[in-house]
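Asks: turn this into a structure:
(one chain, ligands or ions: 1)
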Amino acid sequence: MSPEHSSGRLRLGVNVDHVATIRNARGGRHPDPLRAALLAAAAGADGITAHLREDRRHISDDDIARLAAGIPLPLNFEMAATEEMIALALRIRPNACCLVPEKRTELTTEGGLDVAAMQPTLAPQVARLRAAGIRVSLFVDPEEGQLAAARAIGADICELHTGAYCEAEGDRRQQELLRLVGAAQQGAAVGLEMHAGHGLDFATVGAVAAIPQLVELNIGHFLVGEAVFTGLEAAIGKMRALMDAARAEATAKEGRQ
Ligand code: PXP
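Replies: Numbers count the residues shown, from 1 in each chain. Now for the predicted structure:
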C-alpha cells in the first residue's frame, strides 16, 4: 500500500512556497522552508508541497534539494510541464509530481491544466515520470473532460482546483462546490486518486473535506499567513482538526442514510 493510503484519514499536504516568498523579500536564509516543513510534519501534516516556478520567485532549486533530502514526509513537487522541470524531477525523485500550468505574469496558479488539449505533450512526460517511480498528479479544473483525459494519459492522481469555489460567494459558491463534488466522484469512478487545493482557509475547508472521494488537500498561502498571528503549528493543527471534524461528520451522516 502506498503511503498515501496507509492512514485512511484525509491527508493534509502543506505547501511551503510562501515561507520562501517571505525569505526572498530580504534575501538570505530566514525564514527557511525546510524548517517550516519540519514544523509542519510535527504539527500533523501528511506531506509537503513546494512549487519550483520557472522564474524561481519563491522556492529555489536549493530549497527543493534540501526538502527532498530533509523531510520525513512524502514530497509533492509542483512544477510546470517543461523539459527543465521534468529533468530536475528525474534527478530529485520526489514521491509525486503535480503538473500545473504556469504563466510568468500570474500571481498564482490561475486555472487547471488543459489536459484534454495537451494530451500529446503530456502523455510522454507522464510516462517518463512514472517510469522513474514518481506518482503523477495533474492539477485540473473540476471538469469531466479533463478527468477523462488525465486517466487516458496514465496519470495517477488529479488535484481539483478549488480556487473558483473559494472565491465565489452565496449561491455561486454552492454551485462551485457541487462541481467539485461531481468531479471527485467522476475521477474516483475512473480510478484516479483525487486531491484538491488552492485558496482553502478555515472557512472553506470543511465542505471540501467532507467530499468522501478526496484523499488529500494541499494548502499553503492561508496557513503561512495565519502563522504570522498564531504560529505555524497552531495554524496547521486547527486546519487538521477542521478537516478531520468535517470528514467524521460526513462519514457519520452517510452511515445514517
Ligand atoms: N495545489 C496547487 C496545485 C497549487 O498550485 C497551489 C498553489 O501553489 C496549492 C495547491 C495551494 O494553494 P494555496 O497556497 O492557495 O493554499
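Asks: enumerate the residues of the protein near the ligand.
Replies: 15, 17, 51, 78, 98, 100, 108-109, 139, 159, 197-200, 218-222 (Cβ under 6 Å from any ligand atom). C-beta coordinates here come from the backbone N, C-alpha and C atoms, glycine included.
Asks: got a ChimeraX select line for the buried ones in the residues you listed?
Replies: Those of the residues of the chain next to the ligand that count as buried under 16 or more other Cβ atoms under 10 Å are selected in ChimeraX with:
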select :15,17,51,78,98,100,109,139,159,197,198,199,200,218,219,220,221,222
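Asks: restricted to helices, list the residues of the chain next to the ligand.
Replies: D17, H221, F222 (DSSP state H).
Asks: make a markdown table from the residues you listed and add distance to P120 to it.
Replies: Shown next, in a markdown table, are those (distance: Cβ to Cβ, whole Å):
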| residue | distance to P120 |
| --- | --- |
| D17 | 30 |
| H221 | 33 |
| F222 | 36 |
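Asks: between the residues you listed, which is nearest Q213?
Replies: Checking these against Q213 with Cβ to Cβ, the nearest one is F222 at 22.9 Å.
Asks: ok, that closest one - contacts?
Replies: The contact partners of F222, by Cβ atoms under 8 Å, 6 or more residues apart in numbering, come to G199, L200, D201, F202.
Asks: how many other residues sit next to the third one?
Replies: Neighbourhood size, D201 [other Cβ atoms under 10 Å]: 15.
Asks: verify the contact between it and Y165 for me.
Replies: No - with contact defined as Cβ atoms under 8 Å, D201 does not reach Y165; the gap is 11.5 Å.
Asks: look up how far the ligand lies from E167.
Replies: Counting by Cβ to the nearest ligand atom, to the nearest Å, the gap from E167 to the ligand is 11 Å.
Asks: show me what contacts that residue?
Replies: Neighbour list for E167: G199 [criterion: Cβ under 8 Å, 6+ apart].
Asks: if we use 10 Å, what do you get?
Replies: R173, E176, H198, G199, T204 (Cβ atoms under 10 Å, 6 or more residues apart in numbering).
Asks: and the furthest pair within these?
Replies: R173 and H198 (14.4 Å).
Asks: ranges for the helices of the stretch 1-150 of the chain?
Replies: For the stretch 1-150 of the chain, applying DSSP state H, counting those that start in this stretch gives helices covering 3-6, 17-26, 33-42, 61-70, 83-92, 115-131, 144-152.
Asks: mean pLDDT added to those helices, as TSV?
Replies: What follows is the helices of the stretch 1-150 of the chain, written out as TSV (pLDDT from 0 to 100):
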stretch	mean pLDDT
helix 3-6	40
helix 17-26	98
helix 33-42	98
helix 61-70	97
helix 83-92	97
helix 115-131	97
helix 144-152	96
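Asks: could these go into CSV alongside distance to R247?
Replies: CSV is the format used below for the helices of the stretch 1-150 of the chain (distance: least, Cβ to Cβ, whole Å):
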stretch, distance to R247
helix 3-6, 15
helix 17-26, 25
helix 33-42, 19
helix 61-70, 27
helix 83-92, 31
helix 115-131, 28
helix 144-152, 22
